[in-house]
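# sequence first, then the predicted structure, then my questions.
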Amino acid sequence: MNLLIILSLLTSMLSGVLNKVVPLDSSSLTLVPVILIVVVYLIQLAMNKKIKSYPLFYLLIYICILLIFIGSFKNGMNITMIKFAFFYFVIGVLINQLTKEGISKLYNTVIILTVILSIEVFAIGAMTVATDGRLLNIRHQLMLDKQAYNIMYNFAIPILFWNLCYSRKIRDALLLMFFSITGLYFLQIKTLLLSIPISLLVIAWMLKPVSRKSLMTICASIVIVSIGVLNVFPQYIPDQIRIVTNYILGKEQQVTSDSLVYADTVVVREKIIENAKRLFQENMWLGIGYGNYGETVEGITVYSIARSNVVYQIPTVTENGIITFLVEGGLLAALVHLSLYAIILWKLRGRTSRDKTVLIGLTISFALFVSNFVQDNLNYSYWFSLALGLFLAKEVERTQSLRSSLSGDGNKIHSVEPFQSLPLSERGRASLT
């Protein structure tokens, strides 16, 4: 089963490459190992008749699926609705099949894949900088699209960050720098500037692998150093990030007319939000139905702010996962879906954990969640990350309860720093977390 789970995530990440090699819809290729996971689990369930006790998770998943089918009476059924209902069911399967050993193997596989694909990004990016310097052009030469790289780095960077905190190996530090260069400088994935820091801060604050005082000191130091470096070396800020930021902050005078084309994405997104707001107000409770947004944008255009003769047709997707749930699923479906993340945080309240596998997985889960506020990444990788977060949150709760029953003091926080070696007498108890 671990092999199938790893294969399902890899096919999701590499769906763009698979689509070029095999003349089939990439989503169909991604679903093959996922369907196999479900089939194998159902066979095991029929033989063992055992299911893990996650009643609240199952209830919320059931309500999410039920709301999809209720909405179909209003909006009609389509393949996207069936796919969303299937992915909710897959979450229930995954939380029963995931193991910490399998998750650790998955982390190692993701790092290997990211190294291979990042080498291509670095090579093409370096050649582009040496020639015309327009990094935006490299995306058309790469194996995957920007969204795929965004998902990949939202998995790989948290893995390396927590590995580095615990191992302090030069290899992890170098790989973390390498991924930061390829993801932020060459690919200019602005989403990573939000998803990674916010998810790290949330998980570190909740599980306290370091004291909250130390955490705030680290965060303040990073912010101060970053501001200082960017002020001293502004020329090293990628154009797409610098120009879009200046435009959003109202500093158009600092943006040349030739560079305004980078800000067109902001104008297009403003039009998407305007259209989505109208649709949400008209269909607040049950939405317009998953997969139906594309039909509402026909004829809706927006002019480029850089080139007056250029007119954009707004995309057939919202480019924002949260807006997708609100507009297509409706307020009820969005609230129940978000409650799955609320349950993760609820189960982490008052807990502590220094388990590297747990810290990595929960950071990934919330990184993909935050990323969906900026981009529409509702492919299998997103649903897998949600299942990963639910499973690990339950593991933290179970482990803390076990430690409480053994020691009679489950809420005790060790005074030693988390990345230092514990005294021999404490290792047995700390390993339980």
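Nice, thanks for sending it over. Numbering: from 1, shown residues only.

# where along the stretch 301-433 of the chain do the strands fall?
301-303, 311-313 (DSSP state E, counting those that start in this stretch).

# okay, now I112: neighbour count?
Other residues within reach of I112, judged by other C-beta atoms under 10 Å, total 10. In this view, the C-beta of every residue, glycine as well, is placed from N, C-alpha and C.

# skip ahead from the helix or strand it falls within and say which helix or strand is next.
Taking DSSP states H and E as the definition, one finds I112 inside helix 100-130. Downstream of helix 100-130, the first helix or strand assigned by DSSP H and E is helix 146-167.

# now the angle from that following helix to helix 100-130?
Helix 146-167 runs at 120 degrees relative to helix 100-130, counting by axes from the mean of the first three to the mean of the last three C-alpha atoms, to 10 degrees.

# packing partners for the next helix or strand after helix 146-167?
Following helix 146-167 in sequence order, the next helix or strand is helix 170-180 (DSSP H and E). For helix 170-180, the packing partners by 3 or more C-beta pairs under 8 Å, 6 or more residues apart in numbering; DSSP states H and E come out as helix 100-130, helix 146-167.

# kindly format the C-alpha coordinates of the helix or strand following helix 170-180 as PDB.
Next in sequence after helix 170-180, counting helices and strands by DSSP H and E, comes helix 192-207. Output in PDB follows, covering the C-alpha atoms of helix 192-207 (Å, rounded to 0.1, in the frame of the first residue of the first chain):
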ATOM      1  CA  LEU A 192       5.900  30.300  -1.800                       C
ATOM      2  CA  LEU A 193       6.600  33.600  -0.100                       C
ATOM      3  CA  LEU A 194       3.300  33.200   1.700                       C
ATOM      4  CA  SER A 195       2.600  29.500   2.000                       C
ATOM      5  CA  ILE A 196       5.900  28.300   3.400                       C
ATOM      6  CA  PRO A 197       6.500  31.000   6.100                       C
ATOM      7  CA  ILE A 198       2.800  31.000   7.300                       C
ATOM      8  CA  SER A 199       2.600  27.200   7.500                       C
ATOM      9  CA  LEU A 200       5.900  27.000   9.400                       C
ATOM     10  CA  LEU A 201       4.800  29.600  11.800                       C
ATOM     11  CA  VAL A 202       1.400  28.000  12.400                       C
ATOM     12  CA  ILE A 203       2.800  24.500  13.100                       C
ATOM     13  CA  ALA A 204       5.700  25.800  15.100                       C
ATOM     14  CA  TRP A 205       3.300  27.900  17.200                       C
ATOM     15  CA  MET A 206       0.900  25.100  17.800                       C
ATOM     16  CA  LEU A 207       3.200  22.200  18.500                       C
END
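
# contacts for helix 192-207?
150, 153-154, 157-158, 161, 183-184, 210, 212, 215, 219, 241, 345, 348-349, 351-353, 358-359, 362-371, 373-374, 396 (C-beta atoms under 8 Å, 6 or more residues apart in numbering).

# one step back: same for the helix holding I112, what does it pack against?
By 3+ C-beta pairs under 8 Å, 6+ apart, helix 100-130 packs against helix 2-13, helix 146-167, helix 170-180, helix 356-371, helix 380-407.

# list the contacts for the residue positioned nearest the centre of the chain?
In the chain, the residue lying closest to the centroid (C-alpha atoms, centre = their mean) is L368, at 1.3 Å. L368 makes contacts with I151, N154, S195, N377, S381, Y382, S385, L386, as judged by C-beta under 8 Å, 6+ apart.

# the fourth one: neighbour count?
To tie it back to what came earlier, the one meant is N377. So N377, with other C-beta under 10 Å, has 22 neighbours.

# can you tell me how far it sits from K169?
30 Å (C-beta to C-beta, to the nearest Å).

# now do the helix holding I112, average pLDDT.
Taken as a whole, helix 100-130 has a mean pLDDT of 92.

# swap in stretch 398-414?
So the average pLDDT for stretch 398-414 ends up being 66.

# likewise for stretch 134-143?
Mean predicted lDDT for stretch 134-143 stands at 75.

# show me what counts as buried in that stretch.
L135, I138, R139, L142 (16 or more other C-beta atoms under 10 Å).

# nearest to N108, of these?
Using C-beta to C-beta, the shortest approach to N108 within the buried residues of stretch 134-143 belongs to L142, at 23.6 Å.

# shouldn't I111 be in contact with L176?
No: judged on C-beta atoms under 8 Å, I111 makes no contact with L176 at a distance of 10.5 Å.

# overlap of the contact sets of these two?
Joint contacts of I111 and L176 (C-beta under 8 Å, 6+ apart) are L160.

# so how far is N379 from F178?
Taking C-beta to C-beta, one finds F178 at 25 Å from N379.

# also V311?
V311 is 30 Å from N379, by C-beta to C-beta.

# chain neighbours aside, what residue packs nearest to Q141?
Counting by C-beta to C-beta, 6 or more residues apart in numbering, I124 is the residue found nearest to Q141 once chain neighbours are left out, at 5.3 Å.

# list the contacts of the one you found.
Per C-beta under 8 Å, 6+ apart, neighbours of I124: I138, Q141, L142, F186.

# change it to 7 Å
Residues in contact with I124 (C-beta atoms under 7 Å, 6 or more residues apart in numbering) are I138, Q141, L142.

# state the distance from it to L142.
For I124 relative to L142 (C-beta to C-beta), the value is 7 Å.

# least trustworthy helix or strand in this structure by mean pLDDT?
Every helix and strand of the chain was ranked by mean pLDDT, DSSP states H and E. The lowest is helix 424-431, at a mean of 40.

# look at A333 and report its pLDDT.
pLDDT, A333: 95.

# what's around it, how many residues?
Count around A333 with other C-beta under 10 Å applied: 24.

# do the one 10 residues further on as well
Around I343 there are 18 other residues, counting by other C-beta under 10 Å.

# V267 touches I305, doesn't it?
Yes: at 5.6 Å, V267 counts as touching I305 under the criterion of C-beta atoms under 7 Å.

# could you measure from L193 over to N154?
From L193 to N154 the distance is 12 Å (C-beta to C-beta).
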